[in-house]
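Chemist: Sequence and predicted structure are below.
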Amino acid sequence: MTSTSTLPGQAPPAAAASGTYTLTSRLARGGTFEDGEITTHLGAVRLGAITPGARAALHAFGEGDRDETAINALVVAHDGETGLLRWQMLRSRLEAAGLLEHAVTGPDGAPLARLVPVGRGATTLKPAPRGPVRLSRHALLSPAEGTLALRAPGSPLAVELGAGAAALLPLLTTWTEEVPAPLVRLLATAGALAPGGPGSDPQAEERGSVQWDPVDLAFHARTRVPASAPGYGGTYRHADRFGPEPVAAPAADGPRVTLPVPDLEAIAARDLTLTEAIEQRTSTRAHDPGSPLTLAQLAELLYRTVRIRGTFTGSDGQELADRPLPSGGAVHELEVYPLVTHCEGLEPGLYRYAPDRHELELVAAPGPATATLVKEARGGTMMEGDPQVVLLVAARFGRVMWKYETVAYPLILKHVGVLYQTVYLVATAMGLAVCGLGGGDTTAFAAATGRDPLLEGTVGELVLGSRPAEPTAEPSAESAAEPAAAGL
């Protein structure tokens, strides 16, 4: 397949004299053809009986890029004109299965851009749209394989850009016709072009398109469209490089506080029913300074929500845990760091709860770094005074990412939601004040703890304290929307 295009008013890439651009194809990256079987990074496909011409064409595709004219000539040389139709039908099947990738070669013979499958989807080329085109505002660029890859959220395809194509990107930020038609075809096939045209009314854009931030949409689509990712679920893609992390973090060398173990039978006798706790649950943004939360109450809440009740080894060799709350794959990556400002029986400071030993480990004494975390929690809930305790919820990311691909981070966020509800219900049953936050600052957490934020970082926060004797009016809906991390 050969196509010609010239960039009006510009020199072609690589300062070539000609304006001819060629569309070529080859087996998907890393693909091989041998003994009637095509093998790519997505697996193997057996083709069965094929003609000598088709076999020669597939060997040629396995060696590198070929244009359609050369491939057709190769097929005809082996099978005659009658074999050409059978080859084209086979080629369509290969594209539908995502076994071929396509490239645009510039006038100098160097690849300008390449359409590659990065998930599981067809690479059948779409026609170039008529008239001006521009990039979708949701399309994102990222480094890949020594080049830049342009992707649309949810698409199983990416367009890898050479230097010449990358130089054309500024043109594509507005409606333009100054882009080679073969490159436009690659972009259209990858879903990276905006709908409509220069005369379309921006106000007429559908709500579903307008309301999504590009990064949010990319995250949502990648984790909820399995075909858009190379691997999905428990793939253990890094297991050959790293071993699994232990279910409980190693004990620290600093001071520890042994916590009292609550009597669960006595608690069960006096507790609210589940229905009562659910119906009474509310976010309380005030604490009773005259009767603060006690160490025994904090110990009971942690014991009832996040302690490790037992451990076991999974079939994959990973150490797993049983806790009062569920966790995907029983990995239980969440850690709780109580940031204490005013708790009877416990000195102020930042602690880590050791769920396997039911202890608190002092991580940091009060100081500027912990004060920043307290200030953020206070602002997020619009409390008049400092919260008595902030439960900083952190994730040891490797616990989940050792096993899961693509769904690892959204799985962590699901676990945070489960933890929030568990803490809310237990705190309600205990008569405590609790309020979950909608956002936080993992950078401030890293500064206070010294933890590597790529290994362990905060993914949630709740404020906890004694419930005031008299109900406190909740902020209005209008005022509650003001802080960036407003309480839930």
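Modeler: Okay, I see it. Residues are numbered from 1 along each chain as shown.

Chemist: In space, what's closest to His217 - neighbours in sequence excluded?
Modeler: Wrong residue type there; residue 217 is Leu, not His. Of all residues beyond its chain neighbours, the one nearest Leu217 is Pro153 (4.5 Å), with distances taken as Cβ to Cβ, 6 or more residues apart in numbering. C-beta: built from backbone N, CA, C; applies to glycine.

Chemist: in a strand, that's where the one you found is, yeah?
Modeler: No. With DSSP: H, G, I helix; E, B strand; the rest coil as the criterion, Pro153 is assigned coil and is not in a strand.

Chemist: Before we move on, what's the pLDDT of it?
Modeler: What the model reports for Pro153 is a pLDDT of 93.

Chemist: now swap in the one 10 residues further on and tell me
Modeler: With respect to pLDDT, Ala163 has a value of 85.

Chemist: what ranges of the chain fall below the confidence cut-off?
Modeler: Counting by pLDDT under 70, the low-confidence segments of the chain come to 1-19, 199-205, 470-487.

Chemist: Which residue of it lies farthest from its centroid?
Modeler: Distance from the centre of the chain peaks at Gly80, with 50.5 Å (Cα atoms, centre = their mean).

Chemist: helices and strands around the host helix or strand of Leu217, which ones?
Modeler: Secondary structure here is read from DSSP states H and E; on that basis Leu217 sits in helix 214-224. With contacts defined as 3 or more Cβ pairs under 8 Å, 6 or more residues apart in numbering; DSSP states H and E, the packing partners of helix 214-224 are strand 140-144, helix 408-430.

Chemist: Next, the buried residues of it.
Modeler: Residues of helix 214-224 classed as buried: Leu217, Ala218, Ala221, Arg222, Thr223 (neighbour count, 16 or more other Cβ atoms under 10 Å).

Chemist: just stretch 411-430 next, same as before
Modeler: The neighbour-count check on stretch 411-430 (16+ other Cβ under 10 Å) flags 411-412, 415-416, 419-420, 422-430 as buried.

Chemist: Enumerate every residue touching the nearest residue to Leu301 once chain neighbours are set aside.
Modeler: Closest residue to Leu301 in three dimensions, ignoring its sequence neighbours and counting by Cβ to Cβ, 6+ apart: Val426, at 5.7 Å. Contacts of Val426 were listed using Cβ atoms under 8 Å, 6 or more residues apart in numbering, and they are Ala277, Leu301, Arg304, Thr305.

Chemist: Correct me if wrong, but the third one is in a helix.
Modeler: Looking back up the chat, that one is Arg304. Yes. Secondary structure assignment (three-state DSSP) places Arg304 inside a helix.

Chemist: Against Thr284, how distant is the residue nearest the centre of the chain?
Modeler: Most central residue of the chain, judged by C-alpha distance to the mean C-alpha position with Cα atoms, centre = their mean, is Phe219 at 4.7 Å. Computed as Cβ to Cβ, to the nearest Å, the Phe219 to Thr284 distance reads 32 Å.

Chemist: So what does Ser327 look like in phi/psi?
Modeler: Per-residue torsions, Ser327: phi -150, psi 140 (degrees, to the nearest 10).

Chemist: I'd say it and Val416 touch.
Modeler: No. Using Cβ atoms under 8 Å, Ser327 is not in contact with Val416, being 10.8 Å away.

Chemist: Quick one: residues in contact with the helix holding Leu217.
Modeler: Applying Cβ under 8 Å, 6+ apart, the set of residues contacting helix 214-224 from outside is 137-140, 151, 153-154, 212, 228-229, 406-407, 409-410.

Chemist: Make CSV from these and add neighbour count to it.
Modeler: As requested, those are arranged in CSV below (neighbours: other Cβ atoms under 10 Å):
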residue, neighbour count
Arg137, 14
His138, 21
Ala139, 23
Leu140, 16
Arg151, 26
Pro153, 22
Gly154, 18
Trp212, 16
Ser228, 24
Ala229, 19
Thr406, 21
Val407, 21
Tyr409, 17
Pro410, 16
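
Chemist: For the residues you listed, name the two members farthest from one another.
Modeler: The two members of these with the most space between them (Cβ to Cβ) are Arg137 and Val407, at 26.1 Å.

Chemist: picking up where we left off before, now the helices and strands packed on helix 214-224 in TSV, please, with extra columns for distance to Thr32.
Modeler: Below are these laid out as TSV (distance: least, Cβ to Cβ, whole Å):
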stretch	distance to Thr32
strand 140-144	21
helix 408-430	31
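
Chemist: Go through the ones you listed and name the closest to Gly367.
Modeler: Distance to Gly367, taken as Cβ to Cβ, is lowest for helix 408-430 among the helices and strands packed on helix 214-224, at 26.3 Å.

Chemist: three-state assignment of Val184?
Modeler: Under three-state DSSP, Val184 falls in the helix class.

Chemist: Which residue is the nearest non-sequential neighbour of it?
Modeler: Counting by Cβ to Cβ, 6+ apart, Val184 lies nearest to Ala128, which is 4.3 Å off, once chain neighbours are set aside.

Chemist: for that neighbour, phi and psi?
Modeler: phi -70, psi 130.

Chemist: ok, Val374 touching Pro387?
Modeler: Yes. Using Cβ under 8 Å, Val374 is in contact with Pro387, at 7.1 Å.

Chemist: Can you spell out which helices and strands pack onto the helix or strand encompassing Phe61?
Modeler: Applying DSSP H and E as the criterion places Phe61 in helix 52-63. Helix 52-63 makes packing contacts with strand 20-27, strand 32-34, helix 68-79, helix 82-96 when contacts are defined by 3+ Cβ pairs under 8 Å, 6+ apart.

Chemist: Can you name every helix or strand that the third one contacts?
Modeler: Secondary-structure packing of helix 68-79 (3+ Cβ pairs under 8 Å, 6+ apart): strand 20-27, helix 52-63, helix 82-96.

Chemist: shared neighbours of Val374 and Pro387, anything?
Modeler: The contact lists of Val374 and Pro387 share Thr341, where a contact means Cβ under 8 Å, 6+ apart.

Chemist: neighbour count winner among these two?
Modeler: Residue environment comparison for Val374 versus Pro387 gives the larger neighbour count to Pro387, 27 against 19, counting by other Cβ atoms under 10 Å.

Chemist: and that one, that's in a strand?
Modeler: No. The secondary structure assignment for Pro387 gives coil rather than a strand, going by three-state DSSP.

Chemist: I'd like the distance between it and Tyr353.
Modeler: Distance of Pro387 to Tyr353, computed by Cβ to Cβ: 17 Å.

Chemist: Pro244 contacts Val400, doesn't it?
Modeler: No. Because the distance of 10.5 Å does not satisfy Cβ under 8 Å, Pro244 is recorded as not touching Val400.

Chemist: The two: who's more crowded?
Modeler: Neighbours were tallied for Pro244 and for Val400 using other Cβ under 10 Å; the higher tally belongs to Val400 (23 against 19).

Chemist: Mind telling me what element the more buried one is part of?
Modeler: Assigned by DSSP H and E, Val400 falls in helix 397-401.

Chemist: Output the contacting helices and strands for that helix.
Modeler: Packed on helix 397-401, when contacts are counted by 3+ Cβ pairs under 8 Å, 6+ apart, are helix 408-430.
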